[in-house]
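> 3D, please:
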Amino acid sequence: MERSLVLVKPIATERGLAGAIIGRIQGAGLKLTALRMLHMDKAMAEQHYAVHKGKPFFNDLVEHITSKPVIAAVFEGEGAIERIRKLVGATDPAKAEPGTIRRDYGLDIRRNSTHASDSPENAEKEIAIFFKDKEIFR
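This next block holds a predicted model:
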């Protein structure tokens, strides 16, 4: 079974969309195995977005993700990463397919409502930032 981290970003939690986003992923047959709400500090955000360090948008990512609480979730299932990425859609909501989470709930490329792991390796690293192994239920 593959696992993926999903973050409901501040813009979506602020707009009361967390339940809808998590529900859509569960509705696609993926199992929710961990869930928590938190306010990320700068160090945690920089660790999470480390792959983007040095890029022009890095500081904006960190600023946005630390602005208000996020919801971190782990989902599990066959092909979870690819399936969730398809449900979430393109990073830019304007370019995302109709019916995807980012198209339906994102405002712009910076405030796109969700983060989803893009590879098994990144999922493992990202999940470890937010959850201890004993906090993930099988």
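> What does Ile84 show for phi and psi?
phi -70, psi -40 (degrees, to the nearest 10).
> ok, now which ones touch it?
4, 6, 25, 28, 30, 75, 116-117 (CB atoms under 8 Å, 6 or more residues apart in numbering). For the C-beta atoms, the positions are set from N, CA and C on the backbone; glycine is no exception.
> and which of those residues is nearest Glu82?
Glu82 lies nearest to Ser4 out of the contacts of Ile84, by CB to CB, at 9.1 Å.
> May I see the buried residues of whichever strand or helix holds that closest one?
Assigning secondary structure by DSSP states H and E places Ser4 in strand 2-8. Neighbour counts using 16 or more other CB atoms under 10 Å place 2-8 of strand 2-8 among the buried residues.
> could those be laid out in JSON lines, adding distance to Phe58?
JSON lines is the format used below for these (distance: CB to CB, whole Å):
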{"residue": "Glu2", "distance to Phe58": "28"}
{"residue": "Arg3", "distance to Phe58": "26"}
{"residue": "Ser4", "distance to Phe58": "22"}
{"residue": "Leu5", "distance to Phe58": "19"}
{"residue": "Val6", "distance to Phe58": "21"}
{"residue": "Leu7", "distance to Phe58": "16"}
{"residue": "Val8", "distance to Phe58": "21"}
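> In helices, which of the contacts of Ile84 fall?
Here DSSP state H is the test, and the contacts of Ile84 give Ile25 as lying in helices.
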